[in-house]
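Trainee: any chance you could fold what I've pasted below:
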Amino acid sequence: MPPTTTTTAAATDFKVADLALAGFGRKEITLAEHEMPGLMAMRAEYGPSRPLTGARITGSLHMTVQTAVLIETLVALGAEVRWASCNIFSTQDHAAAAVVVGPDGTPDEPRGAPVYAWKGET
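Mentor: Predicted structure coming up:
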């Protein structure tokens with residue numbers, strides 16, 4: 001299946017393999033959050049004050065569920081984030097889809113961060 005390229009009404013553009021994988025990705029992210037107490041503590045302590053408001057962060061790192069936790073932490077702290085994978089073999093398509101959809105979005109109405117990553121991209 002070719003990657004999906006879309007621009008939504010919320011101006012969240014992305015290119016991922018399949019947004020239908022977001023549900024599985026969200027479950028995996030929830031599990032990963034329990035293994036990453038440092039980032040979760042930062043969300044709890046600094047999330048309400050949103051200290052990164054106004055920061056624009058672009059990242060290029062392996063797109064995995066652990067990276068998804070990092071991305072969503074940056075967003076929770078107020079940053080505007082865009083992400084691209086740095087490795088065509090390590091991308092987890094379900095994680096990329098879940099970040100695009102976001103915790104409050106749906107595959108039909110994504111509300112997450114823009115991500116450009118799919119396994120085997122060229």
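Trainee: using the three-state scheme, assign the residue positioned nearest the centre of the chain.
Mentor: The centre of the chain sits closest to V99, judged by CA atoms, centre = their mean, with a distance of 2.6 Å. Assigned by DSSP: H, G, I helix; E, B strand; the rest coil, the conformation of V99 is helix.
Trainee: which residues does it contact?
Mentor: V99 is in contact with 25, 63, 68, 71-72, 83, 112-113, 115, counting by CB atoms under 8 Å, 6 or more residues apart in numbering. For the C-beta atoms, the positions are set from N, CA and C on the backbone; glycine is no exception.
Trainee: likewise Q66?
Mentor: Counted by CB under 8 Å, 6+ apart, Q66 has contacts 32, 35-36.
Trainee: recalculate using a threshold of 7 Å.
Mentor: 32, 36 (CB atoms under 7 Å, 6 or more residues apart in numbering).
Trainee: in a strand, it, correct?
Mentor: No. Judged by three-state DSSP, Q66 forms no part of a strand; its state is helix.
Trainee: tell me the spacing between it and E35.
Mentor: From Q66 across to E35, the span is 8 Å (CB to CB, to the nearest Å).
Trainee: what do you get for T122?
Mentor: Taking CB to CB, one finds T122 at 32 Å from E35.
Trainee: quick one: which of the two has more around it?
Mentor: Set side by side, T122 and E35 show more neighbours around E35, with 11 against 4, by other CB atoms under 10 Å.
Trainee: where exactly do the helices run in this protein?
Mentor: Remark: helices assigned in the chain by DSSP state H are 22-34, 37-46, 65-76, 93-101.
Trainee: return the list of helices and strands in contact with the second one.
Mentor: Under the contact definition 3 or more CB pairs under 7 Å, 6 or more residues apart in numbering; DSSP states H and E, helix 37-46 sits against helix 65-76.
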